[in-house]
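**Q** Could you work out the structure for the sequence below:
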Amino acid sequence: MYLDELSMSEFRKKVKRKNLVAILPIGAVEAHGPHIPLCTDSIQPEYIAEKIAKKLNAIIAPPIRYGNCQSTKNYPGTISIQPDTLRAVVRDILTELVRNGVKNIVVLSGHAGSVHMAALRQAARDVVDVHDVKLMVLSDYDIAYELRGREVPGDDGHAGTIETSRVMAIKPSLVKNRGRKGAVHIPKFRVLRNPEKYWENATDGDPRKASASLGRRVNDYIVLKLAAYIREMLAQPG
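**A** Sure thing, here's the model as predicted:
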């Protein structure tokens with residue numbers, strides 16, 4: 001159930017329920033090779049949020065489909081916002097959820113860039129420092145990548161086997177082809193104006209090995225683990 005589809009009286013009734021959880025999905029408009037869409041990092045957390053909401057009777061805040069993209073910033077179609085912008089918007093949304101009576105919030109990002117995630121975590125810290133709220137911040141890839149070295153190669157990454165498989169399972173009509181194998185060769189410790197010079201096709205891994213069945217297994221694994229983490233959060237002291 002999406003929060004903004006409720007009436008104000010329906011929302012007021014829901015927030016009175018003990019242990020209500022609100023999930024805020026955050027994505028990005030980012031290049032993911034020639035084979036999967038720019039909305040890849042958005043449709044993944046939104047799908048997981050919907051599954052979690054059904055499992056835990058949670059509500060979903062309207063998603064944010066913009067994020068901060070560093071290594072893919074110059075590829076066609078990537079639309080990146082500044083970390084401070086992302087931090088401020090997320091902080092304001094979290095603050096408003098708390099003001100409206102929500103006490104348990106999960107910020108779930110489909111984009112896992114380090115600067116992007118740092119902005120989300122700082123926004124959460126800004127809120128927990130002044131409000132009585134339980135907050136969790138993670139990327140669904142914090143869980144998905146636990147499967148590397150098991151069902152997929154240990155070095156699988158951006159737009160590779162796992163990510164392409166997940167999109168095939170969630171929205172197969174948006175998968176253009178299987179793409180081709182790629183790898184990141186950005187030199188260690190470099191801060192680059194044009195990182196794409198060291199990264200062909202914005203792909204890190206082998207999307208040719210992707211399958212919808214693998215995508216479903218990965219998505220199910222994420223839902224199972226995230227539901228357990230949320231239950232743990234609810235049982236813990238503030």
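
**Q** Go through the longest helix seen in the chain and flag the buried ones.
**A** Of all segments of type helix in the chain, defined using DSSP state H, the longest is helix 212-235. Taking 16 or more other CB atoms under 10 Å as the neighbour-count basis, helix 212-235 is seen to contain the buried residues Ala212, Leu214, Gly215, Arg217, Val218, Asn219, Ile222, Val223, Leu226, Ala227, Ile230, Met233. C-betas here are computed from N, CA, C, even on glycine.

**Q** likewise stretch 31-46?
**A** Using 16+ other CB under 10 Å as the test for burial, stretch 31-46 gives 31-33, 35-46.

**Q** quick one: which of those residues is nearest to Ser109?
**A** Each of those was scored against Ser109 by CB to CB, and Pro45 proved nearest at 6.2 Å.

**Q** what's the average pLDDT for the one helix or strand that closest one maps to?
**A** Using DSSP states H and E, Pro45 sits within helix 40-56. Helix 40-56 shows a mean pLDDT of 98 in the predicted model.

**Q** show me where the protein has helices.
**A** Using DSSP H, the helices assigned to the chain run over residues 8-15, 40-56, 83-99, 114-128, 140-144, 161-170, 212-235.

**Q** between the third one and helix 114-128, how many degrees?
**A** If I follow you right, that is helix 83-99. Interaxial angle, helix 83-99 versus helix 114-128 (axes from the mean of the first three to the mean of the last three CA atoms, to 10 degrees): 30 degrees.

**Q** farthest pair in the buried residues of helix 212-235?
**A** Greatest spatial distance in the buried residues of helix 212-235: Ala212 and Met233, 31.2 Å, computed using CB to CB.

**Q** What residues sit buried inside stretch 106-114?
**A** Applying a neighbour-count criterion of 16+ other CB under 10 Å, one finds Val106, Val107, Leu108, Ser109, Gly110, His111, Ala112, Gly113 buried in stretch 106-114.

**Q** what sits against the last one?
**A** Shown in contact with Gly113 (CB atoms under 8 Å, 6 or more residues apart in numbering): Ala28, Gly67, Asn68, Cys69, Gln70, Ser71.
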